[in-house]
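Asker: Sharing a sequence plus its predicted fold:
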Protein chains: 2
Amino acid sequence: MTESRLLSLLSLLQTPREWPGGELAERLGVSRRTVRRDIERLRALGYPVEATMGADGGYRLVAGTAMPPLLLDDEEAVAIAVGLSTAARHPVQGIEEASVRALAKLEQVLPARLRYRVRSLGGATVPIPGVPGPEVDPEQLTTLAAAVANRERVRFAYRAHDGSTSTRLVDPHRMVAAGRQWYLLGHDRDRDDWRIFRIDRIADLHATGARIAPRDLPAEDAAAYVTEKLYSLAPTYEAVITLHTPVTEAIRGLGEVAPISEGTCRLRTHADTLDWLAFRLLALGCEFEVHEPAELNARLLALAARLTRAAAQ
Amino acid sequence: MTESRLLSLLSLLQTPREWPGGELAERLGVSRRTVRRDIERLRALGYPVEATMGADGGYRLVAGTAMPPLLLDDEEAVAIAVGLSTAARHPVQGIEEASVRALAKLEQVLPARLRYRVRSLGGATVPIPGVPGPEVDPEQLTTLAAAVANRERVRFAYRAHDGSTSTRLVDPHRMVAAGRQWYLLGHDRDRDDWRIFRIDRIADLHATGARIAPRDLPAEDAAAYVTEKLYSLAPTYEAVITLHTPVTEAIRGLGEVAPISEGTCRLRTHADTLDWLAFRLLALGCEFEVHEPAELNARLLALAARLTRAAAQ
DNA sequence: GGGAGTAGGTCAGATCCCGTCCTATATCAG
DNA sequence: CTGATATAGGACGGGATCTGACCTACTCCC
C-alpha cells in the first residue's frame, strides 16, 4: 500500500497550507520517521517539498521542474472541466489543441456522477456575453481528439455549406482552431482525398474502431494548410480601423496595431462576421473610424438604429 | 522506484488510446508480467483499467468512482491554468470557489518556466469580448485563497470607494463571488470588526505568516452575508426590459424572464454598471425596449452616437 | 535555555517485488 | 476450424525494500 500512501501524501501537500510531520503521520497511519522518508522519496521523484524548520514549521509542496500529478477533489475536477469547456468554445490562441487534449484526458477519467454537473454548468449557461455565433459541442471535440490520438476511423453526418447532408467515413488527421471555429482535417475514405470539416456541422459522430495507418499530408504544417484552404474558400472580412486611444494590451490582442500619434493608432484585423468585428470594437470603449470594409459601416449604423429605437421608449 | 513506474503507467494510460501490454512493458522497462501486476494494483486503488481482449487489444483507463491523479504535460498544464484564470475573471455560478481552489493548487506546483507562458496568454490577451470593467488579478485570488486555507493573517493596501487608501491587517475568512466581482470577507484587526473588501481594490498583498484562530461569523452563511451587505451598500441598477424575441436559454441566463406573448418577453435583471447591461442586451441581437432604469436610455443613446460617428467616415 | 519542529543515520525483521515459468481464455483473420 | 495474438492469473524463489524504534544534530521562536 505504499503507492496509495504516497498519493494521499501528495494530495495533502497540494493543499495550500503547511503540514507538520506529526499530523501527516497521524493521517497516513504511519510513524513520523516513515513520513520523513516518504517526503524524501517525493523529492527524489523531482517534486520539491519545502520544509520550514523550528517550532510551528511544516512541509509544503512547491513548484519544481516537473508537473506533479494533480490530485483533485470532485468540485475542483468539475471546475477544471467547465473551464476547459468554455476555453474550447472560445479558443485562446496558441493553446487551442492543448486545451482540448487536457479536456479529453479529464473526460476520459471523470467519474460519471460529476459528468452531469459539468454538463449542466458548462453547457446550458452562457457565462460570456458572446456575439451570436456558431457553438461547438465540447464533447464532439474530445471525441475527435481521442480518435486522432488513437488513430481511429470515424463516421459522421456532415451538413455541407449548402444545407445538404451526407454520411462521411474519415481518417482523422488533426484538429485546427482557426478564427473562432474548429476544423477537422482528415482523409475522406469515399472521396479518397483530404477534406476539411467544420466541426459544428458534424453530427452523429462515432468511432468505428478500425485502426488506421498514419498518412502523410500533402503540406508540411497542418494548421497552415487548413488556414490557407479556408481563406481561399470562406469569405472573411479584412478590416482597417483608426482607434482614438493609446495602444493597450487589450488592443494588441485584436490584431496588428500600429501607433499613429500619442492618442491614436491603426488596427488591422480580420473576422468571419461583421457582428464579431462590431462588438470587439464597441467593447474597447473608445472612439474609432472604419476605413474598411464598407459593409461594416452599414452594420454599425444598423446597430446604432436598434439602440436608438430601444431608448426611444 | 515502484511509485515512479506507477505514475508513468498512469500517465500513459491517460492518453486517449489503447496500449498493448507489450508496449507498456517496453516503455516502463519491466517484464510483461509486472505490467499486468501494476495494472492489477491500479484497479485495487480504485482506478478502473479496461482491457479489450483478443488480437489488437490493449489497456485503457476509464472513468471510475474516484478521480485518479491527473498527469499533465507542460502544455496541458498551461491550458488548464489559463482556463481557470479566465474562469476566475468570469465566474460561473456555483463553482467560483472551486475554480479558485483548483487554480491555487495548480499555481502552487506549476513549474516556473510555465508561469510566464500562463501570464502572457491568460493575462495580456482578453480572449472574450468583455465590457470594460474591473479586472481581478487571478494571482491575488490564489494568494488570498491560500491564506484562507492556511489560516494566515494578511496585510494589504486598500483603496476605498472614495479613493482614499489605507493599510489593512485582516484575518481572512472566506472569498465570495457576487455579481461580476470577487470579495474578501475578513476580520479587520485594527477596526476589530468584520469587513468586506472588493478584491480588485486590494494592492500590495502579503501573507504575514501569523497563524490565526478560527472565528465565528455573526451570520450563518458567508455568501448570503456578503451579498446582503453589498446590496444595502453598493449602488446597483435594477433593469426591466421588454425583448422582442421568444424565450431562449441565453436569455434565461441573464435574469428573471417572463413571456408576454409568442414573440416577446419581459426581462428583469440587475447589474453594477450600465455598460454591462447595454452589452448583454445588444449581444442578444433582437429588438428591445427599456422600461427601467432611465439612465440606461442615455447610455444606449451615447453608444448609438459613438457608432454613428464611427460609421460617418 | 527549553520546547517543538525538521534532518538524517543505523539496524533488524518483516514484507513485497520481480522475473520466469506455467495454463486458461477471448477475439480476429484467413 | 485453426493459428496468432492479446489479456488473466497461479506458483515460486531470490533479492530488494520498506518500516518502526532507536539515536543525534540543527533551527527557530517564545
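Answerer: Alright, I've got the coordinates.
Asker: now the strands for the stretch 51-200 of chain A?
Answerer: Chain-ordered strands for the stretch 51-200 of chain A, with DSSP state E, counting those that start in this stretch as the definition, fall at A:58-61, A:152-159, A:165-178, A:181-188, A:193-198.
Asker: how much space is there between the residue of the stretch 51-200 of chain A found nearest DNA strand C and chain B?
Answerer: With CB to the nearest atom of the strand as the measure, A:A51 is the residue of the stretch 51-200 of chain A nearest to DNA strand C, at 3.1 Å. Bear in mind the C-beta positions are built from the backbone N, C-alpha and C, glycine included. Counting by CB to the nearest CB, to the nearest Å, the separation of A:A51 from chain B is 15 Å.
Asker: isn't that residue right next to A:G58, touching?
Answerer: Yes - taking contact to mean CB atoms under 8 Å, the distance of 7.2 Å between A:A51 and A:G58 places them in contact.
Asker: coming back round to it: beta-bridge partners for the residue of the stretch 51-200 of chain A closest to DNA strand C, please?
Answerer: Under DSSP bridges, the beta-bridge partners of A:A51 are A:Y59.
Asker: Compute the number of surrounding residues for it.
Answerer: Close neighbours of A:A51, defined as other CB atoms under 10 Å in any protein chain shown, add up to 14.
Asker: Can you list the residue ranges for helices in the stretch 101-250 of chain A?
Answerer: Under the criterion DSSP state H, counting those that start in this stretch, the stretch 101-250 of chain A carries helices at the ranges A:112-118, A:138-150, A:222-233, A:249-252.
Asker: pLDDT weak spots in the stretch 51-200 of chain A?
Answerer: Across the stretch 51-200 of chain A, the ranges flagged by pLDDT under 70 are A:54-55, A:122-134, A:179.
Asker: Now tabulate the strands of the stretch 51-200 of chain A in a markdown table and tack on distance to DNA strand C.
Answerer: Rendered in a markdown table, the data for the strands of the stretch 51-200 of chain A read as follows (distance: least, CB to the nearest atom of the strand, whole Å):
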| stretch | distance to DNA strand C |
| --- | --- |
| strand A:58-61 | 5 |
| strand A:152-159 | 13 |
| strand A:165-178 | 16 |
| strand A:181-188 | 20 |
| strand A:193-198 | 25 |
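Asker: just so I know, which of those strands lies nearest DNA strand D?
Answerer: Across these, the minimum distance to DNA strand D, taken as CB to the nearest atom of the strand, is reached by strand A:58-61, at 12.1 Å.
Asker: Give me the secondary structure label for A:F279.
Answerer: Per DSSP: H, G, I helix; E, B strand; the rest coil, the local secondary structure of A:F279 is helix.
Asker: Identify the residues contacting whichever residue of the stretch 151-300 of chain A sits closest to DNA strand C.
Answerer: With CB to the nearest atom of the strand as the measure, the residue in the stretch 151-300 of chain A that lies nearest DNA strand C is A:G209; the distance is 7.9 Å. For A:G209, the set of contacting residues under the criterion of CB atoms under 8 Å, 6 or more residues apart in numbering or on different chains consists of A:E152, A:R153.
Asker: Same question for A:H206.
Answerer: The contact partners of A:H206, by CB under 8 Å, 6+ apart, come to A:V154, A:R155, A:F156.
Asker: Can you get me a residue count around the second one?
Answerer: Just to be clear, that refers to A:R155. Each residue near A:R155 was counted by other CB under 10 Å, and the total is 15.
Asker: Could you do A:I199 as well?
Answerer: A count of neighbours around A:I199, defined by other CB under 10 Å, yields 20.
Asker: Could you list which residues are in contact with it?
Answerer: A:V136, A:Q140, A:L141, A:L144, A:M175, A:Q181, A:W182, A:Y183, A:L184.
Asker: which residues does A:W19 bridge with?
Answerer: Counting by DSSP bridges, A:W19 forms beta bridges with A:Y59.
Asker: what is A:T242 paired to in the beta sheet?
Answerer: Using DSSP bridges, the beta-bridge partners of A:T242 come out as A:R266, A:E289.
Asker: My guess is it contacts A:F288. True?
Answerer: Yes - with contact taken as CB under 8 Å, A:T242 and A:F288 are classed as touching, separated by 6.3 Å.
Asker: Compare those two (neighbour count), which wins?
Answerer: More neighbours sit around A:F288 than around the other of A:T242 and A:F288, counting by other CB under 10 Å; the figures are 22 against 16.
Asker: coming back round to it: quick one: residues contacting the residue of the stretch 51-200 of chain A closest to DNA strand C.
Answerer: Applying CB under 8 Å, 6+ apart, the residues near A:A51 are A:I39, A:G57, A:G58, A:Y59.
Asker: nearest spatial neighbour of A:V148, skipping sequence neighbours?
Answerer: Leaving aside its sequence neighbours, A:V148 sits nearest to A:P172 (CB to CB, 6 or more residues apart in numbering or on different chains; 4.8 Å).
Asker: An error on my part: the question was meant for A:R101.
Answerer: Leaving aside its chain neighbours, A:R101 sits nearest to B:E76 (5.7 Å; criterion: CB to CB, 6+ apart).
Asker: what's around that neighbour, how many residues?
Answerer: 25.
Asker: next one: the one 3 residues further on
Answerer: Taking other CB under 10 Å as the neighbour definition, B:A79 ends up with a count of 30.
Asker: So it versus A:A88, what's the distance?
Answerer: Distance, B:A79 to A:A88, using CB to CB, to the nearest Å: 10 Å.
Asker: What of A:E96?
Answerer: Taking CB to CB as the measure, A:E96 and A:A88 are separated by 8 Å.
Asker: Give the residues shared as contacts by these two.
Answerer: Common contact partners of A:E96 and A:A88 (CB under 8 Å, 6+ apart): A:W182.
Asker: More neighbours: those two, which one.
Answerer: With neighbours defined as other CB under 10 Å, A:E96 and A:A88 compare such that A:A88 has more, 28 against 21.
Asker: doesn't A:A98 make contact with that one?
Answerer: No - in this structure, A:A88 is not within contact of A:A98 by CB under 8 Å, at 10.7 Å.
Asker: The residue nearest to A:V148: what's it in contact with?
Answerer: A:P172 is in contact with A:L144, A:A147, A:V148, A:E152, A:R153, A:V154, A:L184, A:L185, A:G186, counting by CB under 8 Å, 6+ apart.
Asker: closest to B:A25 among these?
Answerer: Checking the contacts of A:P172 against B:A25 by CB to CB gives A:E152 as the nearest, at 23.4 Å.
Asker: can I see the domain layout of chain A?
Answerer: Following automatic domain parsing, one gets these domains for chain A: A:2-61, A:74-124, A:138-232, A:237-312.
Asker: Can you check which helix is longest in chain A?
Answerer: The single longest helix within chain A, with elements called by DSSP state H, is helix A:294-311.
Asker: Run the chain-centre distance for that helix.
Answerer: Using CA atoms, centre = their mean, to the nearest Å, the distance from the centre of helix A:294-311 to the centre of the chain it belongs to is 32 Å.
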